[in-house]
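>>> pasting the structure only:
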């Protein structure tokens, strides 16, 4: 004996129609969570404090340092540059390159006269 809900042809057609309307992302679609965790993995070696992040597959944000938050969406990282005051953008497919741009010690150039005024230490 079968139940009327299980063998109802109208219910089956309704489920099929609903399933065809739902749009699923392809498996190879961009995921902001994976991109931001890859960036934080690159930055964790030089970070002096814990790195915090939150997000979904559509958009994610990470707190990298004081006053610098990195947003990831549409396949790109975005952040405000502390030295130039402009909004920076970098492809999310290159987290190592974005980490190099975000590393504060890599962007501060040493003065050219630093080595010329240094006195040798007498032994």
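That came through, no problem. Quick caveat: nothing in here was measured; it's all calculated off a predicted structure.

>>> so where's this structure uncertain?
Applying pLDDT under 70 to the chain picks out residues 1-15, 17-20, 22-28, 47-48, 104-123.

>>> Which residue ranges of it form strands?
Chain-ordered strands for the chain, with DSSP state E as the definition, fall at 52-55, 59-65, 68-73, 76-80, 87-91.

>>> could these go into TSV alongside distance to residue 103 and mean neighbour count?
Using the backbone N, CA and C atoms, a C-beta is placed for each residue, glycine as well. Rendered in TSV, the data for the strands of the chain read as follows (distance: least, C-beta to C-beta, whole Å; neighbours: other C-beta atoms under 10 Å):
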stretch	distance to residue 103	mean neighbour count
strand 52-55	17	14
strand 59-65	10	19
strand 68-73	11	20
strand 76-80	12	19
strand 87-91	13	14
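
>>> quick one: which of these is nearest residue 21?
Closest to residue 21 of those is strand 59-65 (C-beta to C-beta; 24.3 Å).

>>> relative orientation of that closest one and strand 68-73 in degrees?
On the basis of axes from the mean of the first three to the mean of the last three C-alpha atoms, to 10 degrees, strand 59-65 is oriented at 160 degrees to strand 68-73.

>>> Distance-wise, check the nearest residue to residue 53 once chain neighbours are set aside relative to residue 93.
Distances taken as C-beta to C-beta, 6 or more residues apart in numbering place residue 62 nearest to residue 53, at 3.9 Å, with adjacent residues excluded. Applying C-beta to C-beta, to the nearest Å, the value for residue 62 to residue 93 is 17 Å.

>>> do the same with residue 86
In terms of C-beta to C-beta, residue 86 sits 22 Å off from residue 93.

>>> Looking at these two, which is more packed in?
residue 93 (13 against 8; other C-beta atoms under 10 Å).

>>> what's near enough to touch residue 78?
With contact set as C-beta atoms under 8 Å, 6 or more residues apart in numbering, residue 78 has these partners: 70, 71, 72, 87, 88, 89.

>>> Kindly recompute the last result at 10 Å.
Taking C-beta atoms under 10 Å, 6 or more residues apart in numbering, we find residue 78 in contact with 61, 69, 70, 71, 72, 87, 88, 89, 90, 92.
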